[in-house]
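**Q** Next input, structure requested:
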Amino acid sequence: MTNERTVPLLPCASIDDIETFYGVLGFHTTYKQRKPNACVGVQREDLHLQFFEIPGFDPEQSYGSCLVITADIEGLHRAFAAGMRAAYGKVLVSGTPRMTRPRARKNADGLGGFSVIDPGGNWIRVFRDAAAPMPAATPAGRLAKALANAVVQADSRGSVGQAVRILDSALARPHADDDPVEQVEVLVYRAELAMVLHDPQTAAEMLTRARSVTLTDDESARAASAYDNAAELAAALR
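**A** Numbering: from 1, shown residues only. Alright, predicted model coming up:
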């Protein structure tokens, strides 16, 4: 047989909250019912998701998750981010719901990915199609390796505290040959994790440190993505 399709069915506390949030991300509702069981289906192009409501459900305790494979993680992330800015005035980086940024995943053979954590606490994990062209590799020094390990802990496993410990340990022992671009990337990611932990003071401190790193023109170009993230985080802090 061909043309089979699998649609994830995920739990939530409120199908209304789910419908509103996914509407922000550019989805439209394909199906909704209240009785005998409350459920809702949403669709964005070829991406289909369905949800069922559980009274008293705690999103913080959710194990709901699914994978989304696409050739254009950056384009999908930009579209989701634009929807968030239009609805909320910023990209949501802390609390539930929220969204991480596209990053290479050490535990996924280096494939880039990001996650959307929706109002039901479900992790919608977006990964680059392995058959799609891969971006050029960047230098991997001491700080880059620490960053890669931290991304596995926080963005993949949700272990934000462990990711913080990895980054704080790396930042506490600077080396003379550290790549300044990697330093900026680590500081900005540490700021993002501080916001996830509702620690705006540390987030602001890390962003200030990132801005104080001296870069050449070439290094500034390499750090452009990190600075874009820093600007988003700074806007969310205001």
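
**Q** Show the pLDDT at the most centrally placed residue in the chain.
**A** Residue closest to the average C-alpha location in the chain (C-alpha atoms, centre = their mean): Thr100, at 1.3 Å. Confidence at Thr100, expressed as pLDDT, is 93.

**Q** Over to it: give its phi and psi.
**A** Main-chain torsions, Thr100, degrees, to the nearest 10: phi -90, psi 170.

**Q** Tell me who's in contact with it.
**A** Val93, Phe114, Ser115, Ala154, Asp155, Glu192 (C-beta atoms under 8 Å, 6 or more residues apart in numbering). The C-beta positions use only the backbone N, C-alpha and C, and glycine is treated the same way.

**Q** out of those residues, which one sits closest to Gly41?
**A** Gly41 lies nearest to Ser115 out of those, by C-beta to C-beta, at 21.1 Å.

**Q** Direction included, what does the helix or strand harbouring the closest one pair up with?
**A** In this structure, Ser115 sits in strand 112-117 according to DSSP states H and E. Paired neighbours of strand 112-117 in the sheet (DSSP bridges): strand 98-99 (antiparallel), strand 103-104 (antiparallel), strand 123-128 (antiparallel).

**Q** Please state the offset of the worst-scoring helix or strand of the chain on mean pLDDT from the chain centre?
**A** Ranked by mean pLDDT, DSSP states H and E, the weakest helix or strand in the chain is strand 103-104, scoring a mean of 84. Here strand 103-104 shows a centroid-to-chain-centroid distance of 10 Å under the convention C-alpha atoms, centre = their mean, to the nearest Å.

**Q** Also stretch 21-37?
**A** Worked out by C-alpha atoms, centre = their mean, stretch 21-37 lies 22 Å from the chain centre.

**Q** for it, what is the average pLDDT?
**A** 96.

**Q** heads up, I number from 44, so please use that
**A** Sure, I'll start numbering at 44, so the last one becomes stretch 64-80.
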